[in-house]
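Student: the sequence and its predicted three-dimensional model are supplied below.
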Amino acid sequence: MSLIRPFRGLRPHPDYVAEVASPPYDVLSSDEARELVKRNPNSFLRVNKPEVDFEQGVSLYSDEIYSRGKENLDNMIKQQVMCQDKTDCFYLYRLSWRGKSQTGLVGLTSVDEYKQGLIKKHEHTRPEKVSDRADHIEKVGAQVGPVFSIFRQQDEIKSLFDAITLQVPEYAFDDDTAVRHEFWIVNDDEQIASVISTFGKLPAIYIADGHHRSAAAAEVADRMQKRNANHTGNESYNYFLNVIFPDDQLRILPYNRVVSGLNGMDCDDLANVISKTFTLTKSDKQIVPSKQYQFGVYCNKQWFIAESKEGSFDSNSPAGSIDSAVLTANWLEPLLGIEDLRTDKRVGFIGGIRGVEELVRLVDSGRYDIAFSLYPVSVEQLLSVADSNEVMPPKSTWFEPKLRSGMVVNLLEI
């Protein structure tokens with residue numbers, strides 16, 4: 001069973017939505033966010049990344065920072081830049097980019113189901129990041145950054161979404177990255193009941209992006225339950241803001257790698273050693289892998305196509321058979337000496353949105369010595385890892401397009 005709940009969303013007035021809607025807090029540096037806010041003071045970055053209102057060097061985890069986020073949200077409400085719906089609603093959020101669209105349901109999902117494993121994870125979380133987001137949620141009194149999740153498509157849900165999106169959207173605008181955003185309000189009692197019923201038949205939903213936000217929501221629920229002598233389980237803090245998309249509409253881009261230092265070898269040495277487990281072929285063209293277990297390798301101004309030989313990956317492990325895990329097990333750890341992808345400063349991760357041209361630029365600049373282009377993970381691979389209670393290799397999925405923050409907010413009962 002997947003428990004989904006409507007809520008009284010706080011959202012931008014239609015006149016301001018294109019200004020308010022901002023990139024997620026974790027895809028921009030503080031300095032990048034400051035520059036955006038200078039040009040657009042109504043940006044929601046002032047709520048979900050409130051250090052933008054302070055000079056460089058300020059502690060990102062101080063009460064002063066979190067309090068400024070609440071102050072900025074309160075001012076948006078006072079100035080009617082954002083307004084709260086008067087009744088509980090669901091919302092549909094469609095993103096269209098490069099000829100493809102994905103339409104997700106915006107609602108509240110259960111912290112208890114998250115703890116029970118019915119909302120499935122595929123990543124480890126870092127305690128300091130969870131604590132930061134939990135402190136932010138608690139101080140601001142709102143969940144301002146949605147979790148991005150996946151459900152396995154069902155005909156009944158598809159028909160319901162199709163019927164709702166025949167209506168004129170409440171919002172429709174293009175952002176500065178050429179993504180089209182459309183947003184529908186679902187406040188009809190029959191449609192709300194249909195959403196609850198159809199999603200209730202799902203055995204599970206899967207977190208795609210937002211593991212720290214969902215863990216933070218669970219942490220806040222624990223804190224607030226301890227303080228609430230009259231806790232019932234129905235309070236809004238027992239749920240978290242989620243946008244849930246069908247698996248057949250999502251697009252995952254590759255997450256490529258660059259490494260500085262060749263661990264005492266040169267490119268020819270690497271080619272000789274890796275030939276035991278990979279077939280290497282020189283190429284005059286940049287390599288964008290066309291299938292699983294094929295890699296592009298760029299070293300000393302030369303591209304190679306690297307094809308995995310049998311035995312170079314663990315076909316019995318959903319996580320171990322992911323291309324990035326195969327690369328780590330055969331190249332990064334044994335040959336290049338990368339012991340921990342999460343902490344080793346020699347390795348960099350380049351989102352596929354930047355293309356293989358960025359790999360060439362980084363290596364030719366001398367900043368890195370070797371680059372690897374990867375074939376993207378499929379949605380089914382990700383779901384299989386979650387179903388198996390395994391953990392995806394670090395930095396394996398780059399979802400595009402990104403949800404905008406500030407489209408709708410869940411205010412908590414404090």
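Tutor: Noted; the coordinates are in hand. Residues are numbered from 1 along each chain as shown.

Student: where do the strands sit along the stretch 51-200 of the chain?
Tutor: Counting by DSSP state E, counting those that start in this stretch, the stretch 51-200 of the chain has strands at residues 82-84, 90-97, 100-110, 119-120, 142-143, 147-151, 171-174, 180-186.

Student: how is the chain divided into domains?
Tutor: 4-251+400-411, 255-375 (automatic domain parsing).

Student: could those be laid out in TSV, adding mean neighbour count and distance to residue 387?
Tutor: In this view, the C-beta of every residue, glycine as well, is placed from N, C-alpha and C. Listed next are these as TSV, based on neighbours: other C-beta atoms under 10 Å; distance: least, C-beta to C-beta, whole Å:
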stretch	mean neighbour count	distance to residue 387
domain 4-251+400-411	18	7
domain 255-375	17	8
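
Student: which of those domains sits closest to residue 393?
Tutor: Of all these, it is domain 255-375 that lies closest to residue 393, at 4.4 Å by C-beta to C-beta.

Student: do you know which of the domains of the chain lies nearest residue 394?
Tutor: So among those, domain 255-375 is nearest, using C-beta to C-beta, at 4.6 Å.

Student: now the closest one, how far from the centre of its chain.
Tutor: 24 Å (C-alpha atoms, centre = their mean, to the nearest Å).

Student: pLDDT of that domain, averaged?
Tutor: Taken as a whole, domain 255-375 carries a mean pLDDT of 94.

Student: straight-line length of that domain, end to end?
Tutor: By C-alpha to C-alpha, to the nearest Å, the extent of domain 255-375 from end to end equals 8 Å.

Student: for residue 92, name its beta-bridge partners.
Tutor: When assigned by DSSP bridges, residue 92 has beta-bridge partners residue 105, residue 184.

Student: show me the contacts for it.
Tutor: Going by C-beta atoms under 8 Å, 6 or more residues apart in numbering, residue 92 touches 103, 104, 105, 106, 161, 164, 165, 183, 184, 186.

Student: mind checking how far residue 8 is from residue 48?
Tutor: To residue 48, residue 8 is 20 Å away according to C-beta to C-beta, to the nearest Å.

Student: repeat for residue 393
Tutor: 28 Å.

Student: can you check residue 147 too?
Tutor: On the measure of C-beta to C-beta, residue 147 and residue 48 end up 13 Å apart.

Student: residue 384: which of the contacts of residue 92 is nearest?
Tutor: The closest of the contacts of residue 92 to residue 384 turns out to be residue 104 (C-beta to C-beta; 21.1 Å).

Student: my guess is the closest one meets residue 91, correct?
Tutor: No - judged on C-beta atoms under 8 Å, residue 104 makes no contact with residue 91 at a distance of 9.2 Å.

Student: contacting residues around stretch 16-27?
Tutor: 11-12, 33, 36, 40, 42-45, 48-49, 76, 81-82, 145, 171, 173, 175, 181, 183, 402-407.

Student: next: stretch 263-271.
Tutor: With C-beta under 8 Å, 6+ apart, stretch 263-271 has contacts from 262, 273, 280, 299, 300, 302, 304, 335, 336, 337, 370.

Student: and those residues, which two are furthest apart?
Tutor: Among these, 302 and 337 lie farthest apart (C-beta to C-beta), at 21.7 Å.

Student: pretty sure residue 352 sits against residue 359.
Tutor: No - using C-beta under 8 Å, residue 352 is not in contact with residue 359, being 10.4 Å away.
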